[in-house]
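**Q** Sharing a model that was predicted from the sequence below.
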Amino acid sequence: MSRSAQHLQEAADWLARLQRPEVEEADWLAFDAWLGEPGAAQAYDAVQAIDEEIFQRGSAIRGESAEPRRAAARRTFTIDWRWLGGLGAAGAAAAVALVIAPWGELLPPSDTLYATAKGESRAIQLADGSHIDLNTDSHLSVRLDKDARRVTVHDGQALFDVAHDAQRPFLITAGDETVRVVGTKFDVRRRDGQLTVTVLRGLVEVSTDGDDSPVRLRPGQMLEHVEGASGVVVHAVAAEDQVGWRSGRLIYRDQPLERIVGDMNHYFERPLRLEGENTANLRFSGVLIVDGQDAMVRRLTSLMPISATPTDDAIVLRGRPSAPH
């Protein structure tokens, strides 16, 4: 089996594995590592595109009588690559479609997983006309039902531009929060147990598990919430700053160095590590261009009272002795 054919088989296996109800953090970490292999992300995109097309065609044929599929109903499939000889990537993807959906059998709808590797971003166009920009190192799943459009943000950040459909609300679950919209543009970030929702256009309602009083957000407002805690914080922001990542810019206004390092670690395999008393709490305001890791670290050390020391497995940032405490 060629390496490209093997990647397509592995992509098919991952698509099935990550939609099982018992999927755990270790599975996500293993999937993220696999995506970093040369050719793996392209293979996953090809298999996922085929799966999405089958779902859309199957929904149209079945009509409104179809019931949503439980994730456990998806069966693991195996591809016999011996008869693919020389078809190339497009032919191999078509072969995947034949194996996933044999003649006369259309699979019922399920969640579709979308993911990005470190340093990768992705634009997603949904069948309902909605658009999602997925930031680096992010994972979310989508299910388009007849009564609602449902998204789960497992980890990461995404900008949503939701097509208006009064009959099918757009519901986003991120941790213990649910975001409800009909048609609007907003950013959702879920990292390390911290959730933010920022509205650029329209209105959204954010509800916390067990709370019957949703919070309504308007353009230029951000909601911040710690998962598992009670209450939220809402304040005014420059909304476009929150989505600067779409154009390769990370924009900060009086943020702790711990936050900046956390963001940078989602772009590069070699981690940044903080050492020294109060180093993590040093504050930063400015713009970082996302390019090479070494270049970003040089800019950061020139703008802040910190030094950078490369080690075998990381880059260590420490506050300089002259740094204010």
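**A** That came through fine.
**Q** Enumerate every residue touching the residue positioned nearest the centre of the chain.
**A** Central residue of the chain (C-alpha atoms, centre = their mean): Ser138, 2.7 Å from the mean position. By C-beta atoms under 8 Å, 6 or more residues apart in numbering, the contact set of Ser138 is Ala115, Thr116, Val153, Asp155, Gly156, Gln157, Ala158. To be clear about C-beta, it is placed using only N, CA and C from the backbone, and glycine gets the same treatment.
**Q** Write a ChimeraX command that selects only the buried members of those residues.
**A** In ChimeraX syntax, the buried subset of the contacts of Ser138 is picked out as below (16 or more other C-beta atoms under 10 Å):
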select :115,116,153,155,156,157,158
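**Q** ok, Leu272 - contacts?
**A** By C-beta under 8 Å, 6+ apart, the contact list for Leu272 reads Val261, Met264, Asn265, Val297, Ala314, Ile315, Val316, Leu317.
**Q** Looks like Cys279 contacts Val316 (just checking).
**A** No, residue 279 isn't Cys; it's Thr. No: here Thr279 does not reach Val316: they are 9.7 Å apart, not a contact under C-beta atoms under 8 Å.
**Q** circling back: of the contacts of Ser138, which is the nearest to Pro305?
**A** Lowest distance from Pro305 to the contacts of Ser138 (C-beta to C-beta) belongs to Gln157, with 28.4 Å.
**Q** Then that closest one would be within a strand, right?
**A** Yes: using DSSP: H, G, I helix; E, B strand; the rest coil, the assignment for Gln157 is a strand.
**Q** For it, give its distance to Lys146.
**A** Remark: distance between Gln157 and Lys146 (C-beta to C-beta, to the nearest Å) = 29 Å.
**Q** can you check Arg191 too?
**A** 33 Å.
**Q** Compare neighbour counts for the two and give me the winner.
**A** Comparing Arg191 with Lys146 by other C-beta atoms under 10 Å, the one with more neighbours is Arg191, at 17 against 14.
**Q** Pretty sure that one sits against Gly262.
**A** Yes: assessed by C-beta under 8 Å, Arg191 is found in contact with Gly262 at 6.7 Å.
**Q** which neighbours do these two share?
**A** Joint contacts of Arg191 and Gly262 (C-beta under 8 Å, 6+ apart) do not exist.
**Q** for this structure, what spans make up the helices?
**A** Assigned by DSSP state H, the chain shows helices spanning 3-17, 25-35, 40-62, 88-100, 239-242, 257-264, 293-303.
**Q** and those helices, which one is worst for confidence?
**A** Among the helices of the chain, helix 88-100 carries the lowest mean pLDDT, at a mean of 46.
**Q** distance of Arg218 from Pro169?
**A** Relative to Pro169, Arg218 is positioned 18 Å away (C-beta to C-beta).
**Q** Please say which of these two ends up with more neighbours.
**A** It is Pro169, of Arg218 and Pro169, that has more neighbours when counted by other C-beta under 10 Å, with 16 against 12.
**Q** show me what contacts that one?
**A** Contacts of Pro169 (C-beta under 8 Å, 6+ apart): Ala148, Arg149, Arg180, Val181, Val182.
**Q** so the fourth one touches Phe170, yeah?
**A** Yes: using C-beta under 8 Å as the test, Val181 is close enough to Phe170 to be in contact (4.8 Å).
**Q** hey, what's in contact with both of the two?
**A** Common contact partners of Val181 and Phe170 (C-beta under 8 Å, 6+ apart): Phe160, Val162.
**Q** how close does Phe200 sit to Ala238?
**A** Actually, residue 200 is Leu. It isn't Phe. 11 Å.
**Q** Name the residue in those two with the higher neighbour count.
**A** Between Leu200 and Ala238, counted using other C-beta under 10 Å, the more crowded position is Leu200 (17 against 12).
**Q** Local confidence estimate at the closest residue in space to Arg180 that isn't next to it in sequence?
**A** With sequence-adjacent residues excluded and distances taken as C-beta to C-beta, 6 or more residues apart in numbering, Arg180 is closest to Glu205, at 4.7 Å. Looking at Glu205, its pLDDT stands at 91.
**Q** Would you confirm that Glu205 contacts Ser213?
**A** No: between Glu205 and Ser213 there is no contact under C-beta under 8 Å: 10.0 Å.
**Q** Neighbour count: those two, which is higher?
**A** Between Glu205 and Ser213, counted using other C-beta under 10 Å, Glu205 has the larger neighbour count: 14 against 6.
**Q** Okay, and the beta partners of that one?
**A** Arg180, Arg216 (DSSP bridges).
**Q** what separates it from Val182, distance-wise?
**A** Counting by C-beta to C-beta - Glu205 and Val182 are separated by 10 Å.
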